[in-house]
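Enquirer: Quick one, what's the 3D model for this:
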Amino acid sequence: MKKVAPKLLTLLALLGSTLAVSATVIVNQTNWPDTGTNYSILQTNQNLPYTVGWSSSKDSAYYGLSGSLFFTAPSSGGSLTLWNYFTDTNNLDTNDQVSLAVGQQIRTVATLTFSNVQPQAIVSTHRGFRWGIVYAGPLQLPFTNGTGSSIRQIGLLGYAQNMQMADFFNVAPLQILAFTNVNNDDGDSLFQTTSDADQVGGNGGGTTNDPGFGDNIPYTLILTVAHTATNTTTISTTVIGTGLTNGAITQTVTDTNYAYTNFDTFAIRPGASSVTAAGFQLTSFEVDVLPIVPAAPQITHIARLNAGTNIITWNASAGYSYSVLRTNALGTATAPSSSWPVLVTGYPVGGSLRTSLSWTDTTATASSSFYRISSP
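Expert: The predicted model follows:
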């Protein structure tokens, strides 16, 4: 194996240093039990951080199969709510929650695959898919005791992405809502109606006629709430997947009205299949509490596998995504050091338990290559 020139390794060593990062892994679930029609297996499957109990507003509409969690949207009218209490430690007398200090953020990452996504003409301007985090507090009961509690309660405060789902978007697809639930009553389930919410910031993530979602394609959905200052939170959404513009859509807004910092519940709410998709497959779900500013990534190893192929390995901070950049010359008129084309955007989602990541560059045909790693 031919190694990259030593002068290149020396240069890369100056690009960043790795510092200790305090990250709390709350959930890192990549496997669900097979349930058949016994949905209660999912409710009681609480063994943090590797599994969390899931419940649904329609018990017959969700099940575990082949390691994934499947759920289906109603065919017409109504909606489906799927949720978990991600801080539940099976203690009925303890109110567990994530409380963000200034400088901390909570990040949820879900990998979903859709089937029978509706076309643009049918969806029109409808926003049919909501997902986010709230604080249920004393209203929750642990699933591990076999009972669980109803999500049809008042006072669930938090943030949700009010997203359009279609093969091509009719609007900018991403919209953040702060759920105040001032109009909620026992007849409304979580995220059911936007009358319980106020929009935060403008719409984002693209424009009309941008390519949307496709069938049988894994999408990574990332929602982050950062406590940036007293009475201020920043909410960011990133959706990564094949076919989206540049491989990802993203939006960031700031909330100074509600600035929620307590969370214990994650929920997904697809509307009817006529305005979303018929089927949903969840293959991974994670929740982490992270510092807002990650440690600088440091390249730890570069190797040339063969002509035109290099592999780059770097230290990563749990829960952060990274981009790989390359230029073939530094400080020249054609490739100034300030211009580094991005090889991969948003790659990869670090994973809550991973501290080292690698990527293979199969386009390294120049006689020399210079790499940088950035964390968006």
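Enquirer: and stretch 254-270, which residues are buried?
Expert: For stretch 254-270, a neighbour-count test (16 or more other Cβ atoms under 10 Å) marks 254-255, 258-270 as buried. Bear in mind the C-beta positions are built from the backbone N, C-alpha and C, glycine included.
Enquirer: and if you look at stretch 207-222?
Expert: For stretch 207-222, by 16+ other Cβ under 10 Å, it's Asp210, Gly212, Phe213, Tyr219, Thr220, Leu221, Ile222.
Enquirer: What pLDDT does the model give the fourth one?
Expert: Think Tyr219. Looking at Tyr219, its pLDDT is 96.
Enquirer: Kindly provide the distance from it to Leu80.
Expert: 18 Å (Cβ to Cβ, to the nearest Å).
Enquirer: Next: the second one.
Expert: As for Gly212, its distance to Leu80 is 20 Å (criterion: Cβ to Cβ).
Enquirer: Enumerate the beta-bridge partners assigned to the residue positioned nearest the centre of the chain.
Expert: Central residue of the chain (Cα atoms, centre = their mean): Ile222, 1.7 Å from the mean position. Listed beta-bridge partners, Ile222: Val109, Thr238 (assigned using DSSP bridges).
Enquirer: could you list every residue that touches it?
Expert: Going by Cβ atoms under 8 Å, 6 or more residues apart in numbering, Ile222 touches Arg107, Thr108, Val109, Ser236, Thr237, Thr238, Val239, Ile240, Ser321, Val349.
Enquirer: quick one: the helices in this protein?
Expert: Using DSSP state H, the helices of the chain run over 6-13, 40-43, 120-123.
Enquirer: what about the first one, average pLDDT?
Expert: What it means is helix 6-13. 35.
Enquirer: measure the nearest residue to Thr252 once chain neighbours are set aside to Ser369 for me?
Expert: Counting by Cβ to Cβ, 6 or more residues apart in numbering, Thr252 lies nearest to Ser236, which is 4.4 Å off, once chain neighbours are set aside. Going from Ser236 to Ser369 by Cβ to Cβ gives 31 Å.
Enquirer: For Leu357, give the beta-bridge partners.
Expert: Trp314.
Enquirer: give me the number of residues near it?
Expert: 22 (other Cβ atoms under 10 Å).
Enquirer: what do you get for Thr81?
Expert: Neighbours of Thr81 using other Cβ under 10 Å come to 21.
Enquirer: per-residue pLDDT, the closest residue to it other than its chain neighbours?
Expert: Leaving aside its chain neighbours, Thr81 sits nearest to Ser57 (4.1 Å; criterion: Cβ to Cβ, 6+ apart). With respect to pLDDT, Ser57 has a value of 80.
Enquirer: With the one 10 residues further on instead?
Expert: At Gly67 the predicted local confidence, pLDDT, stands at 97.
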